[in-house]
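Asker: Sequence first, predicted model second:
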Amino acid sequence: MSDLAKIPVTVITGFLGSGKTTLVRHLLANPQGKRLAVLVNEFGTVGVDGDILRACADKNCPAENIVELANGCICCTVADDFIPTIEALLARGTRPDHILIETSGLALPKPLLKAFDWPAIRSRITVDGVIALADAEAVAAGRFAPDVAAVEAQRAADDSLDHETPLAEVFEDQISCADIILLTKSDLVDEAGLAAARAAITAEAPRPIPMIAVTEGVLDPALILGLNAAAEDDLAARPSHHDGADDHEHEDFDTVVIDLPEISDPEDLVARIRTLAHEQNILRVKGHVAVAGKPMRLLVQAVGARVRYQYDRPWGAARRSALVVIAEHDHIDEAAIRRVLVG
């Protein structure tokens, strides 16, 4: 790549648990001969996704090219985190050919796109494309909003109320910014469910947006890399609920980190997480857990009551069990969460 050429950046956005990290792992495993770099943004104080991705490092994307931004939502910490990180990547002796940015599940992509006009970087990088992931099963069931009927009833009862629920706003902003939408976990729905998900997204999209059904993040990288969208120059076509606002807050969401003792039965933990989802309206649970007699870490990922787990790799120096729990601010009760998960 010429030193004068702009480095393309792909922004990967999507709601909580939609499969962003799984997609990035697939891209790392199929780099198409490109030198990659990855910025992964966590919501919470315990890094899980960055740790997963660093385990995939190789010569095309060495460990030092996988950077975790854990100081808050990337769209709210542009000056403090994003710009310095990009500048550091561009200053390396061997520059990446392509940069992947995995945003937090709660991030709004448009403020991030605006950052590409920052004087220090605008002549050096460009947004090749924005890829929005949507969980086909969840979207078909309308679970991107906590309770659509209750929100509509509240709106009908109060003429002065003119806003969507926080979850719906996040979802709609991510869809509106996208160049391509990936309907993930498509193996969990039938054709009718997939059609319902497509219809729900089409209803929210500000313009026709291509949609591709995928499973486990597997697709030809050529479908989403090399779009040459220059999205930072196309902001008017990507409307946001927060257009005109000076910033965007995450006071509607909160996280709790729960340290756990070593467990003996993963299925018991799964049952506890499902109980938590039903009783506390939890959005997302993720982390690593130590299992008695097992040298490998148990990676736990949950979206609502749907829980997946697998042993990913051996523990390092410390066997620390910790789960990050994400919920809407008004629905998070740390003491109750701890009682369910720890007992």
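Answerer: Done, it's in.
Asker: now the strand ranked longest in the chain: mean pLDDT?
Answerer: Under DSSP state E, the strand in the chain containing the largest number of residues is strand 125-135. The pLDDT scores in strand 125-135 average 94.
Asker: Parallel or antiparallel, list what pairs with that strand.
Answerer: Its sheet considered, strand 125-135 pairs with strand 7-14 (parallel), strand 180-184 (parallel) by DSSP bridges.
Asker: tell me the domain boundaries of the chain?
Answerer: By the assignment in automatic domain parsing, the chain contains the domains 7-237, 253-342.
Asker: TSV please, covering these and showing mean neighbour count and distance to Asp243.
Answerer: Backbone N, C-alpha and C define where each C-beta goes, glycine included. Conversion of these to TSV gives the following (neighbours: other C-beta atoms under 10 Å; distance: least, C-beta to C-beta, whole Å):
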stretch	mean neighbour count	distance to Asp243
domain 7-237	19	8
domain 253-342	17	21
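Asker: can you pull out the strands in this structure?
Answerer: Under DSSP E, the chain gives strands at 7-14, 36-41, 66-69, 98-102, 125-135, 180-184, 211-213, 253-260, 284-289, 296-303, 306-314, 321-328.
Asker: among those strands, which gets the worst mean confidence?
Answerer: strand 66-69 - the lowest mean pLDDT of the strands of the chain, at a mean of 77.
Asker: And that one, what does it pack against?
Answerer: Counting contacts by 3 or more C-beta pairs under 8 Å, 6 or more residues apart in numbering; DSSP states H and E, strand 66-69 packs against strand 36-41, helix 49-54, helix 83-90.
Asker: How far does stretch 258-265 stretch from one end to the other?
Answerer: Chord length of stretch 258-265, first to last residue, is 18 Å (C-alpha to C-alpha, to the nearest Å).
Asker: Other residues contacting it?
Answerer: 269, 289-292, 319-323, 325, 337-338, 341-342 (C-beta atoms under 8 Å, 6 or more residues apart in numbering).
Asker: picking that back up, C-alpha coordinates for the longest strand of the chain, PDB please?
Answerer: Output in PDB follows, covering the C-alpha atoms of strand 125-135 (Å, rounded to 0.1, in the frame of the first residue of the first chain):
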ATOM      1  CA  ILE A 125      -8.000   6.700   6.900                       C
ATOM      2  CA  THR A 126     -11.400   6.300   5.400                       C
ATOM      3  CA  VAL A 127     -14.500   4.300   6.400                       C
ATOM      4  CA  ASP A 128     -14.600   1.500   3.800                       C
ATOM      5  CA  GLY A 129     -18.000   0.400   5.200                       C
ATOM      6  CA  VAL A 130     -20.300   0.000   8.200                       C
ATOM      7  CA  ILE A 131     -21.500  -3.500   8.800                       C
ATOM      8  CA  ALA A 132     -24.400  -3.900  11.100                       C
ATOM      9  CA  LEU A 133     -25.200  -7.200  12.700                       C
ATOM     10  CA  ALA A 134     -28.700  -8.100  13.800                       C
ATOM     11  CA  ASP A 135     -29.600 -11.300  15.600                       C
END
